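Peer 1: Could you look at this predicted model? Sequence included:
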Amino acid sequence: MRLRKIWLLCNLVCIIPGAFAQQFIHPGVLHSEKSLERIKRLVDQKAQPAYGSYEILAKLPEARADYQMKGPFEIISRDGKYGYTKGPSERDFNSAYYNALLWKITGKKAHADKSMEIIRAYARTVRQIPPTNDAPLCAGLQGFILVNAAEIMRYTYMETHYPNGWSEQDTECVEAMFRKVFQPVLSKFFQTAPYTNGNWGIAVAKAQLSFGVFLNDRKLYDDAIDFFYHGKDNGTLPNYVAETGQIQESGRDQAHCMLGIGCLAEIAEVAWNQGDDLYGALDNRIMKGCEYLSKSNLGYDVPFHVWKDLTGKYSNWQSLGQASMGEFRAVFELPYNHYVERKKMEMPYTKMVLNRIRPEGAGFTCDNPGFGTLLFYLGKDEEREKVG
């Protein structure tokens, strides 16, 4: 009964003129209709290197249509009393996303139904992300994966076309989940004085931006973009990436830098799908960060200065952090394909990274979606070059 009241309240708010609702492009979080069609075409043609990324995806247990859900859980958390839910719920959310992608790629309803099963189960069940230390990361990183799954299913597997398809009740229930469980955690982070390394704020912003799209909530979307440019936090673009490309966490370790740069590119891609260019912000600052990250992790010398962060807690790193140096995560295809393939710019060091790791596989847990060589590849495919 309580959840039904939430649904009704949410619906009432959304129909009040000027309150929240404003139409966005759908599907339009990480994947537009055009990009989903491109992904399917690459797989149908077995076009390399994208097809190699697809083969990695298709072999994952979480990508199977018979995946056995680990939850749903009433409470999800990365730490504290309910920290045991982290791994299982992350696998469930990834499965919802992977099966949504495979539904669009293969056309097999079993994948669509699996994604819907997981989305519906959590929308009916989850009621809290408790206020533990890692709550913003839980809501931001896991929320981003889940909202991408929901966005695909909502606009490609509708009840009007498929018996088990997305219904109006699904809209009510899923929107209530994002508004009442995930978004309050993000809002609290934004209202709190800066206290974290920058990857936190970036993760929170990418989730809120995406919720704005899914919920057709212009204020959520615009506030996330305002934070991207102007927020008082280490996670804004100017506070996370210097003009040299050095990253706020470069003196810490390389894994968190890759998480942060990946999330910045994902923010920019969501905005790009809605007609906004954040990639070009501050003279292509995301590209500079990606090139710095690539160059340094390939073993080349890069300029380094002791960073004075907003909290004052992370201002003593004297040199590049060596932890995870050269351990490349699956976050490089997305920015590379925008700047090099869309914009015809040059990213020589990122190209060298991709020559090592392509095709990209899974992201690390729910930090980033991964599989960029399938999801974001815009270059000439190897098979066509061979034929030509």
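Peer 2: Looks like it came in fine.
Peer 1: What is the neighbour count of the residue lying closest to E346 once chain neighbours are set aside?
Peer 2: With sequence-adjacent residues excluded and distances taken as CB to CB, 6 or more residues apart in numbering, E346 is closest to V340, at 6.9 Å. Any C-beta I mention is one placed from the backbone N, CA and C, and that applies to glycine too. V340 has 19 neighbouring residues, counting by other CB atoms under 10 Å.
Peer 1: Doesn't V340 lie inside a strand?
Peer 2: No - with DSSP: H, G, I helix; E, B strand; the rest coil as the criterion, V340 is located in helix rather than a strand.
Peer 1: what's the span of stretch 161-169 from first residue to last?
Peer 2: Stretch 161-169 has an end-to-end distance of 16 Å (CA to CA, to the nearest Å).
Peer 1: Please identify the buried residues of that stretch?
Peer 2: G165, W166 (16 or more other CB atoms under 10 Å).
Peer 1: Check stretch 83-96 too.
Peer 2: Per 16+ other CB under 10 Å, stretch 83-96 contains these buried residues: T85, K86, S89, E90, R91, D92, F93, N94, S95, A96.
Peer 1: Kindly export it (C-alpha atoms) in PDB.
Peer 2: These are the backbone C-alpha positions of stretch 83-96, laid out as PDB (Å, rounded to 0.1, in the frame of the first residue of the first chain):
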ATOM      1  CA  GLY A  83      27.600  -4.600   2.900                       C
ATOM      2  CA  TYR A  84      27.100  -8.200   2.000                       C
ATOM      3  CA  THR A  85      24.600  -7.100  -0.600                       C
ATOM      4  CA  LYS A  86      27.200  -5.200  -2.700                       C
ATOM      5  CA  GLY A  87      28.500  -8.000  -4.900                       C
ATOM      6  CA  PRO A  88      25.100  -9.800  -5.400                       C
ATOM      7  CA  SER A  89      23.200  -6.600  -6.200                       C
ATOM      8  CA  GLU A  90      25.900  -5.400  -8.500                       C
ATOM      9  CA  ARG A  91      25.800  -8.700 -10.400                       C
ATOM     10  CA  ASP A  92      22.000  -8.400 -10.600                       C
ATOM     11  CA  PHE A  93      22.100  -4.800 -12.000                       C
ATOM     12  CA  ASN A  94      24.800  -5.700 -14.500                       C
ATOM     13  CA  SER A  95      22.600  -8.700 -15.600                       C
ATOM     14  CA  ALA A  96      19.700  -6.400 -16.100                       C
END
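Peer 1: What's the mean pLDDT across it?
Peer 2: For stretch 83-96, mean pLDDT rounds to 98.
Peer 1: Nothing else from me, thank you.
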